[in-house]
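> Here is my input; please provide its structure:
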Amino acid sequence: MINNKILRKDNIQEILSLSPTQQGLLFKYQMDPKSSEYMEQVVLKIRGDITDKEIERVWHHLISTYDGLRSIYKWEKLSNPVQIVLKEIDLPLYY
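Here you go, the predicted structure:
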């Protein structure tokens, strides 16, 4: 659940209509919200010396670079679902 602090008007970069693929994924999600059919997980093995701080710095750089990592989707109480690209979002890392 996205809290209202994140979805402030001044934190919205743009609002977009869903692509046909996004609409299909949303439909599948609505049919079975607990399904992991489209769940993606990445596991990386990193060799060498790297600190948690360095990993977090890179993670925050990726979030600031790629709009898709700052996007949320709203469909409830809307006639057409939308993708909302946020200017900023805090996505935690789990070790």
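> Strands along the protein, start to end?
For the chain, applying DSSP state E gives strands covering 12-17, 71-74, 82-86.
> from those strands, which stretch is densest packed?
Of all these, strand 82-86 has the most neighbours on average by mean count of other CB atoms under 10 Å, namely a mean of 17. Every C-beta, even on glycine, is put in place using the N, C-alpha and C of the backbone.
> what's the distance between Gln41 and Leu93?
Gln41 sits 13 Å away from Leu93, going by CB to CB, to the nearest Å.
> And those two? Which one has more around it.
Applying other CB atoms under 10 Å to Gln41 and Leu93 shows that Leu93 carries more neighbours, namely 9 against 5.
> That one reaches Glu54, doesn't it?
No - if you go by CB atoms under 8 Å, Leu93 and Glu54 don't touch, sitting 11.7 Å apart.
> how deep is the residue nearest to Leu62 when sequence neighbours are not counted tucked in, by neighbour count?
Leaving aside its chain neighbours, Leu62 sits nearest to Leu69 (6.3 Å; criterion: CB to CB, 6 or more residues apart in numbering). Neighbour count for Leu69, taken as other CB under 10 Å: 14.
> just to revisit the earlier point, lowest mean pLDDT across the strands of the chain, which one is that?
Out of the strands of the chain, strand 71-74 stands lowest, with a mean of 92 (criterion: mean pLDDT).
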